[in-house]
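K.L.:
the following block contains a protein sequence and its predicted model.
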Amino acid sequence: MIRDITIGQYYPVDSPIHRLDPRVKLAGTMLFLVSLFVFSGYLGYVVAAAFVGIVIKISKVPFRYIVRGLKPVLILLLFTLLFNVFLTREGTELFSWGILHIYDQGLIIAGLMAVRLILLVIGTSLMTFTTTPNQLTDGLEKGLRGLRKIRVPVHEIAMMMSIALRFIPILVEETDKIMKAQQARGADFESGKLLQRAKALVPLLVPLVVSAFRRANDLALAMEARCYHGGDGRTKMKPLKYQGRDFVAYLILLGYLGLVIGSGFLF
Amino acid sequence: MEITRDLQECMVLDHVNYVYGEGTAYEKHALRDINLVLGKGEFIGLIGHTGSGKSTLVQHLNGLITPTSGHIYYRGNDICAAGFNKKELRSKVGLVFQYPEHQLFETTIVKDVAFGPKNMGLPQLEVDLRTFAALKEAGVSEDLYDASPFELSGGQKRRVAIAGVLAMQPDILILDEPTAGLDPRGRDEILDRIAQIHAEGNRTIILVSHSMEDVAKYASRLIVMKEGSVFCDGTPKEVFEVYKELEKIGLAAPQVTYLSEVLRQSGIALPHNATTLKEAKELLLADWKGGRR
Amino acid sequence: MKKSMLRTKNLVFEYIRRDEEGNVEDILRALDEVTLEVQKGEFVAILGHNGSGKSTVAKHINALLSPTEGAVFVNDMDTKDEEHLWDIRKSAGMVFQNPDNQIIATVVEEDVAFGPENIGVPTEEIWRRVEESLSAVGMTAYRTHSPNKLSGGQKQRVAIAGIMAMRPDCIILDEPTAMLDPVGRKEVMKTVHELNKIEGVTILLITHYMDEVIDADRVIVMDEGKIVMQGTPRQIFSQVEKLKEYRLDVPQVTELAYELKKQGVPMPDGILTVEEFTAAYTAAKAKCAQGSI
């Protein structure tokens, strides 16, 4: 059912990773993603995997939960695997059938690619598992504050993100309601050819857009009445402030980066 | 208006249960063992606290929700059976949702009201006839027919939305809080309209409402819901007689019912409790004249 | 001496409708020479049907609209004065009708903090204010909840807390209960009365529900952009005929007493409660019995 759509899959437990400043997690995720593409040797994989493993352990997010999060990218993963297996023409041929040839290098490259992809997905999802959408927006707003100098409306973008987070569930529910109301008038959203189906959406989309505009109008008035006038001069109930642990985390991240780069020279 | 309780003519609910999100953390038993016979031609008031299952119940009646267990029969046919034509059912059991004006989408009122009959696949002439009849029945004035539904006032929009359901010429008309957000005048106009539709159109009316005064005034039968079950079912007089029980589930009786009780405690015994203003007036005038004799 | 909180002087507001070329199509006078005053600590209700101009008055006081003619003063600050805009909005907070469309944050306490954040209150002070405001409306237990999971009445109380956190002298509530069920309505009204009594906040309540104005200090009735009646609830409800003319309701007991009086039962005007009715009716009967001996 449409109501089951959820945005962000925050896993609510208390762990040192959860407590970290969102900016650290944002920077850490970026750094980790970059690191996945700079190393070359096998040892790099080991270091990256070990790093992810340790972070998972500290974050207290169950491994099962993380694996479940991999499901949506499974198809992409399979596709890359097959692509690499069949299109690599290096090393010794292991198997051939018609136009299909499998080389040992192909298997190795495919395997490594898969590991890289899995690490990439786990790395980013660890951030969303341990950071609430609110913290994420706050982190983005403050972390990207420098961009204001080149006229990027950082505060406005963050405000829009948090309003979207608040209103998406409301609009989803509203969609459900309007759909039912039109079905009660004999509308059919489930059968027919593509063009018919697209046409059948008009009675759903028009009221939905009208309602979204009405809500936007109301909300703008309410925000104005509560003295909202942009990001200037605003204070915060929960300002982001680096703690000791955040600096430790940055140091660990640097150490990790050093290890990954170093691992390339060792082999 | 004649009321028929012949099961072949009625809507019958037989041990209906509905459970949301079974087996998940959000599991909720929204309806529990509902057994009802909704007689043809009745004017039924459906009342209950928010979340008592009223809206879930009415959505079962036109097949928008299928019961988890149990059966619903419309004129003797099981509407949950495979192959039952739900689209046809929805034209026979018209459901007007809460704030129905939010579903309007066409460029003109006439086009919007025609949406239902058109979906039924009727010939154009029949669609037009039904559209105009429904607009008249719902009390939309003729000079508005070509206006955009978005230009109307709240009360007018709501009447157009009700016309949109009436145009399918349903046997049963269900209205989920049709007066929500309207002012007293708008409320009276809509309710009087509904009473007129009931009196003239040979239809069963189910009015979901939070206002005890309104259901007492218009309905001949009240069904009270509590936590997904039918808490009581009877005439307004029977139901409001147990007003102390109603208070326990967050409901109340009309003010005149309380007045009857307080008067009784002060030694003025009316023959029975009043449920409507008209009734209270008659009872008190009789008492007054009796006292003077 | 009493101090003036809000004041409007010959307030006129005109909507100008333009056609596609920008030519003036017609001018609608939404407010016509409205002059009213609310003292510090008062609880004033504005009663009127939809479109009577009552919400337009509210928007002027919060400086969301600017008068076409006349003036509006909040704490003796002219709302036309751009300089005082934020001070005016800070001292006269506003709660709107739709509870969903005025909550900005995804966590209750963060929403309450929104106002104070906008006016640059230091972090520690925000925490103190959030705590106090939530406890003033009885929502402390829900501070870390998502607003989406709350009932309508609870959402409206969160909205009120959001205004309280700006430490206003006055709160304007624009039909705060129109979209709520009876339980939610009671919750919100109880909260509003407590804020008035305990915190001493001036209240301007805009509504079309007559039962919500019975406990007000003063009632103003509006119709077609004008103030047509003004006085204590009892004075207002003594004029049943006039209220009906303005498409407004009166409590059932008030109307019943009025109807009985018309039939020759000597009932006084302006009966507001069941108890008052019973006392008056008993007295009338006793007097009549004496007279006939």
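P.N.:
That came through fine.
K.L.:
CA only for contacts and neighbour counts going forward, please
P.N.:
Fine.
K.L.:
show me where chain A dips below the pLDDT cut-off.
P.N.:
Scanning chain A with the threshold set as pLDDT under 70 gives A:1-9, A:264-267.
K.L.:
name the residue of the stretch 1-150 of chain B that lies nearest to chain A.
P.N.:
Chain A sits closest to B:G116 of the stretch 1-150 of chain B, with a gap of 4.7 Å, by C-alpha to the nearest C-alpha.
K.L.:
name the SS class of that residue, please.
P.N.:
helix (DSSP: H, G, I helix; E, B strand; the rest coil).
K.L.:
repeat that for A:L112.
P.N.:
helix.
K.L.:
can you report phi and psi for the closest residue to A:T175 other than its chain neighbours?
P.N.:
Sequence neighbours aside, A:L208 is the residue nearest to A:T175 in space, at 6.7 Å (criterion: C-alpha to C-alpha, 6 or more residues apart in numbering or on different chains). According to degrees, to the nearest 10, the main-chain angles of A:L208 amount to phi -70, psi -40.
K.L.:
so where do the helices sit in chain B?
P.N.:
B:54-61, B:86-92, B:109-119, B:124-137, B:154-166, B:184-201, B:212-218, B:236-241, B:243-248, B:255-265, B:277-292 (DSSP state H).
K.L.:
among these, which is the most enclosed?
P.N.:
Across those, averaging neighbours per residue (mean count of other C-alpha atoms under 10 Å in any protein chain shown) puts helix B:154-166 on top, at a mean of 26.
K.L.:
and that one, how far out from the chain middle?
P.N.:
Averaging C-alpha positions (C-alpha atoms, centre = their mean, to the nearest Å) puts helix B:154-166 15 Å from its chain's average.
K.L.:
mind listing what whatever residue of the stretch 51-200 of chain A ends up closest to chain C touches?
P.N.:
Closest residue of the stretch 51-200 of chain A to chain C, C-alpha to the nearest C-alpha: A:R166 (5.3 Å). Taking C-alpha atoms under 8 Å, 6 or more residues apart in numbering or on different chains as the criterion, A:R166 is in contact with C:104-106.
K.L.:
in terms of contact, does C:D269 touch C:E259 like I think?
P.N.:
No - using C-alpha atoms under 8 Å, C:D269 makes no contact with C:E259, being 10.6 Å away.
K.L.:
with only the CA atoms kept, save stretch C:49-69 in PDB.
P.N.:
The C-alpha trace of stretch C:49-69 is given here as PDB (Å, rounded to 0.1, in the frame of the first residue of the first chain):
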ATOM      1  CA  HIS C  49     -20.500  33.200   9.700                       C
ATOM      2  CA  ASN C  50     -18.000  32.300   7.000                       C
ATOM      3  CA  GLY C  51     -17.200  35.400   5.000                       C
ATOM      4  CA  SER C  52     -18.300  37.800   7.600                       C
ATOM      5  CA  GLY C  53     -14.800  39.400   7.700                       C
ATOM      6  CA  LYS C  54     -13.800  38.000  11.100                       C
ATOM      7  CA  SER C  55     -10.700  36.200   9.800                       C
ATOM      8  CA  THR C  56      -9.700  39.300   7.900                       C
ATOM      9  CA  VAL C  57      -9.700  41.300  11.200                       C
ATOM     10  CA  ALA C  58      -7.400  38.600  12.700                       C
ATOM     11  CA  LYS C  59      -4.900  38.900   9.800                       C
ATOM     12  CA  HIS C  60      -4.700  42.600  10.200                       C
ATOM     13  CA  ILE C  61      -3.800  42.400  13.900                       C
ATOM     14  CA  ASN C  62      -0.900  40.100  13.100                       C
ATOM     15  CA  ALA C  63       0.200  42.500  10.300                       C
ATOM     16  CA  LEU C  64      -0.300  39.800   7.700                       C
ATOM     17  CA  LEU C  65      -2.700  42.300   5.900                       C
ATOM     18  CA  SER C  66      -2.400  46.000   5.800                       C
ATOM     19  CA  PRO C  67      -5.500  48.300   6.100                       C
ATOM     20  CA  THR C  68      -6.800  50.000   3.100                       C
ATOM     21  CA  GLU C  69      -8.100  52.800   5.400                       C
END
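K.L.:
quick one: is stretch B:35-53 near chain A?
P.N.:
No - between stretch B:35-53 and chain A, judged by C-alpha under 8 Å from any C-alpha of the partner chain, nothing touches; the nearest distance is 15.7 Å.
K.L.:
now do the buried residues in that stretch.
P.N.:
B:35-36, B:38-50, B:52-53 (16 or more other C-alpha atoms under 10 Å in any protein chain shown).
K.L.:
and what of stretch B:15-29?
P.N.:
So for stretch B:15-29, counting by 16+ other C-alpha under 10 Å, buried means B:15-18, B:29.
K.L.:
centre of the chain to that stretch, how far?
P.N.:
Counting by C-alpha atoms, centre = their mean, stretch B:15-29 comes out at 25 Å from the chain centroid.
K.L.:
now that stretch: mean pLDDT?
P.N.:
The pLDDT scores in stretch B:15-29 average 82.
K.L.:
stretch B:198-216 now?
P.N.:
Computed over stretch B:198-216, the average pLDDT equals 92.
K.L.:
now name the helix or strand holding A:G233.
P.N.:
With secondary structure defined by DSSP states H and E, A:G233 is part of neither a helix nor a strand.
K.L.:
count of neighbours near the closest residue to it other than its chain neighbours?
P.N.:
Distances taken as C-alpha to C-alpha, 6+ apart place C:G120 nearest to A:G233, at 5.7 Å, with adjacent residues excluded. Neighbour count for C:G120, taken as other C-alpha atoms under 10 Å in any protein chain shown: 14.
K.L.:
test my guess that C:G120 contacts A:T235.
P.N.:
Yes - at 4.8 Å, C:G120 counts as touching A:T235 under the criterion of C-alpha under 8 Å.
K.L.:
shaky segments in chain C?
P.N.:
Looking at chain C by pLDDT under 70, you get C:1-2, C:292-293.
K.L.:
report the separation between the spatially most central residue of it and chain B.
P.N.:
Nearest to the mean C-alpha position of chain C, counting by C-alpha atoms, centre = their mean, stands C:L205 at 0.8 Å. Applying C-alpha to the nearest C-alpha, to the nearest Å, the value for C:L205 to chain B is 15 Å.
K.L.:
same check, this time on C:V188
P.N.:
When C:V188 is compared with chain B (using C-alpha to the nearest C-alpha), they lie 15 Å apart.
K.L.:
contact partners for that residue?
P.N.:
C:153, C:156-157, C:176-177.
K.L.:
widest-spaced pair of the residues you listed?
P.N.:
Using C-alpha to C-alpha, these span at most 10.7 Å, a distance reached by C:R157 and C:T177.
K.L.:
and the residue in the stretch 101-250 of chain A positioned nearest to chain B, how many residues sit next to it?
P.N.:
Using C-alpha to the nearest C-alpha, the single residue of the stretch 101-250 of chain A nearest to chain B is A:R185, 4.7 Å away. Counted with other C-alpha under 10 Å, residues neighbouring A:R185 total 29.
K.L.:
leaving out chain neighbours, which residue sits closest to it?
P.N.:
B:G116 (4.7 Å).
K.L.:
who touches the one you found in this structure?
P.N.:
B:G116 touches A:185-187, B:91, B:164-165, B:167-168, counting by C-alpha under 8 Å, 6+ apart.
K.L.:
and it, how far from B:R90?
P.N.:
Applying C-alpha to C-alpha, to the nearest Å, the value for B:G116 to B:R90 is 10 Å.
K.L.:
what sits in contact with each of the two?
P.N.:
What both B:G116 and B:R90 touch, as defined by C-alpha under 8 Å, 6+ apart, is the set A:185-186.
K.L.:
what does chain A have sitting close to chain C?
P.N.:
A:134, A:162-163, A:165-166, A:169-170, A:215-216, A:218-219, A:221-229, A:233-239.
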